[in-house]
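> Please work out how this folds:
(chains A and B)
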Protein chains: 2
Amino acid sequence: MSGTDGEFGGCATGLHCKECGHRTGLIAAYVCEYCFGPLEVEYDRERLAATVTRERIAQGPLNLWRYRDLLPCAPHDPTLGLSAGLTPLVRAPRLAQRLGLRNVWVKNETANPTHSFKDRVVSVALQAAQCLGYSTVACASTGNLAHAVAAHASALGLESYVFVPSNLEAQKIVATAVFDTTLLAVAGTYDDVNRLCGELAADRPWAFVNVNVRPYYSEGSKTLAYEVAEQLGWTLPDRCIVPIASGSLYTKIHRGYQDLLELGLCDGAVPTLDGAQASGCGPVATAWEHGRDFVSPVHPDTIAKSLAIGNPADGVFALETARTTGGSITAVTDDEIVDGIRLLAETTGIFTETAGGVTTAVMRKLADRGEIDPEERVVLYITGDGLKTLDAVSPHVAAIQIDADVASFEAATDAASALPTLATTIA
Amino acid sequence: MSGTDGEFGGCATGLHCKECGHRTGLIAAYVCEYCFGPLEVEYDRERLAATVTRERIAQGPLNLWRYRDLLPCAPHDPTLGLSAGLTPLVRAPRLAQRLGLRNVWVKNETANPTHSFKDRVVSVALQAAQCLGYSTVACASTGNLAHAVAAHASALGLESYVFVPSNLEAQKIVATAVFDTTLLAVAGTYDDVNRLCGELAADRPWAFVNVNVRPYYSEGSKTLAYEVAEQLGWTLPDRCIVPIASGSLYTKIHRGYQDLLELGLCDGAVPTLDGAQASGCGPVATAWEHGRDFVSPVHPDTIAKSLAIGNPADGVFALETARTTGGSITAVTDDEIVDGIRLLAETTGIFTETAGGVTTAVMRKLADRGEIDPEERVVLYITGDGLKTLDAVSPHVAAIQIDADVASFEAATDAASALPTLATTIA
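Residues are numbered from 1 along each chain as shown, chains lettered A, B, ... in the order given. Prediction:
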């Protein structure tokens, strides 16, 4: 299967190695055959420059396929399958005020079909898989990707195998198993799951979206830069806060902003990109803190399971993104993550999973340290949904129990006012 | 507070009684002071006809405020607050095929900010509440409304009180309590909660969105008709399947389609509107089955808790909608609801809550009975998200447990193929 050029039909011309530059066709592969470096999709930049305009994008569908020219492939009919992308960019004046800032937006990826940004990368990966001739798709996942692969494969009628660590949140297991998929719960960490999938990919005709189809898959994350710019009237924000797990999302958002400038769709400079990790799994933040240009693997121990990748594939490139954009990579504790989830909910009405708690907490930390100018236009990327990590907040919130009469209500709320600990939800 | 005309500033001119026609201004009230009939917003239809065009709508924001002329009020800045509406209308060829149909779309309301259609009605209600001078909002809820009120109030900085039955799904409790709200869990049914809120509304300066602000609130549901028509290129579907709890959604979707025809935005006829209830709480379906024009209250006993209203406020009007559109009202059992959730997930990639299981199961029942012509263009309204009712499906799905090696994977999947009961998710 791998090695055959597919029917891609867009501006993508091949893959190249990010380390040694070696080039190959549009095949199913993710490491360079010469140096084992990661492969990346390359495009005919002249054709892109001649093709892509703001007007052409505006006439596209109301989902990520409006940026199809900038992706390795696109569906023949962009109205088929689940419609990912074009999620709201929400102004957050109450959040800004709490942090002493003026111009904050939240990119709300919980509005995607399976409520995380993984719908974008999976949309692209499943089209690429079909271009490459696959009819079975698979993934190694910390949960959100599992949910997305199972859902999109069901929508398109593709067979799927989904591998997750067996200690995953029960919510994510049920929300994946309900689809037409085969869900495998693997005894081990995500890194064990990932290694197993690498072995399985070697001798099965399956498209593992984040293994042998990874170069295509990761391109989907660029749309998170394109959309923010379009939603800001084709201007760029000054700063973005982005979570780091493998580092792919963070580096691809960087690439997306570079594309916009190179193609003349926006003026100005690439935003400052701040990466966010959990202290319980912060190998890239640790490398950043110590000024290293390599990342030492760690064993994850954090409530932010969707970021719990101890050996991040794009960690080194993430360090480069932080350096070249004038950003930073910061880690926050599990307590700070829970506080971040609550801060976002209380001020914006958006209930995020632990990964969004990480980005919100990092934003708060940077604001508290005075590292963000109050006038900067800041975009907070909220990549997943609180309904998938309820256990992280359930010990911290509660309803007030009453009987169905006015007297009971009055007694309970009077008591709650007098003893705020009885009603943890009262601000 | 009630009785004062607010600053609405749109085409709404007042409220009128659906029973006796008595008219009043735009006040906080929901029953006629003469006959106790329900009140409804009325509009200057001539001004609407002169104002509303497809082009004007297309130039509006990418949320429900694009239909602001057809709503009682609108925010000064439609980019502020959570962005509800303009959810995907998803083509569902695999679902259609399973049911022997050709043209099925799913209106996927899980893409809303709190993942149910309640974001629409709450968006409108909270604007109306502010027009009427309220700064505290409240609701009686079976869960989705609670989540939406708490979230939108947090986004706008309004104080909120949210009342739910204490037997609600734990997911919905946590997902509501995380916001800046006061959440009250009432010992009793939804109808008990509703009665308590009616009493509280009488002497508190609070806008109960589905009590004293109900006429405004319910108008938000009309956008579910407008959007479907716009997304179908300003044509009307032949048939819609809609869940019935209070009956408000069902009758307002009817009103929405009538508006489109009256204003000349679409040609043709109002779609056939089929109502869907759970057998464990199907008072309107029972009335329909027996050919009655009144609804006898029932005590709910169903997994479809978001539809568990035993004494539906708009039940009689729902019967009228079914009659005048050539539709029907059908009930399905809890087992059929679970099968409906799984059918939708397996064929469209959309994971719905129990209410969506109800509509999907009713669609299947109508198709099986030959009551839907295979060529009809059918829209299935999926109003809420499966992540909020995981308990309904968790006993029916499972992951396959394996060790982190290829041999373990092969042994487990061989065993699973031989014994399909071990892997309930394999089709």
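> Residue A:325 reaches residue A:272, doesn't it?
Yes: contact criterion Cβ atoms under 8 Å: residue A:325 and residue A:272 qualify, at 5.3 Å. For every residue, glycine as well, the C-beta is placed using N, CA and C.
> Please pull out the lowest mean pLDDT helix or strand from chain A.
Least confident helix or strand, chain A: helix A:406-418 with a mean of 85, by mean pLDDT, DSSP states H and E.
> Let me know whether that helix sits next to chain B.
Yes: applying Cβ under 8 Å from any Cβ of the partner chain, one finds helix A:406-418 touching chain B at A:406, A:409, A:412-413, A:416.
> what does stretch A:143-157 give?
Yes: Stretch A:143-157 comes into contact with chain B (Cβ under 8 Å from any Cβ), by way of A:150-157.
> would JSON lines of those with pLDDT and neighbour count be doable?
Listed next are those as JSON lines, based on pLDDT from 0 to 100; neighbours: other Cβ atoms under 10 Å in any protein chain shown:
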{"residue": "A:150", "pLDDT": "98", "neighbour count": "32"}
{"residue": "A:151", "pLDDT": "98", "neighbour count": "29"}
{"residue": "A:152", "pLDDT": "98", "neighbour count": "27"}
{"residue": "A:153", "pLDDT": "97", "neighbour count": "28"}
{"residue": "A:154", "pLDDT": "97", "neighbour count": "26"}
{"residue": "A:155", "pLDDT": "97", "neighbour count": "29"}
{"residue": "A:156", "pLDDT": "95", "neighbour count": "21"}
{"residue": "A:157", "pLDDT": "95", "neighbour count": "14"}
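> Which members of those occur in helices, if any?
A:150-156 (DSSP state H).
> Flag every buried residue along the least confident helix or strand of chain A.
Using 16 or more other Cβ atoms under 10 Å in any protein chain shown as the test for burial, helix A:406-418 gives A:408-409, A:412-413, A:416.
> what does stretch A:300-308 give?
A:300, A:302-308.
> Same check on stretch A:367-381?
For stretch A:367-381, the neighbour count (16+ other Cβ under 10 Å) marks A:367, A:372, A:377-381 as buried.
> So which residues on the stretch 251-400 of chain A come close to chain B?
Counting by Cβ under 8 Å from any Cβ, the stretch 251-400 of chain A sits next to chain B at A:341-342, A:345-351, A:385-388, A:390, A:393-394, A:397-400.
> redo that, cut-off 7 Å
Applying Cβ under 7 Å from any Cβ of the partner chain, one finds that the stretch 251-400 of chain A approaches chain B through A:341-342, A:345-351, A:386-388, A:390, A:393-394, A:397-400.
> about what we covered before: kindly reformat the buried residues of stretch A:300-308 as JSON lines containing pLDDT and secondary structure.
Below are these laid out as JSON lines (pLDDT from 0 to 100; DSSP: H, G, I helix; E, B strand; the rest coil):
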{"residue": "A:300", "pLDDT": "92", "secondary structure": "coil"}
{"residue": "A:302", "pLDDT": "95", "secondary structure": "coil"}
{"residue": "A:303", "pLDDT": "95", "secondary structure": "coil"}
{"residue": "A:304", "pLDDT": "95", "secondary structure": "coil"}
{"residue": "A:305", "pLDDT": "91", "secondary structure": "helix"}
{"residue": "A:306", "pLDDT": "90", "secondary structure": "helix"}
{"residue": "A:307", "pLDDT": "94", "secondary structure": "helix"}
{"residue": "A:308", "pLDDT": "91", "secondary structure": "coil"}
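> closest to residue B:85 among these?
Proximity of the buried residues of stretch A:300-308 to residue B:85 (Cβ to Cβ) peaks at residue A:306, which lies at 27.8 Å.
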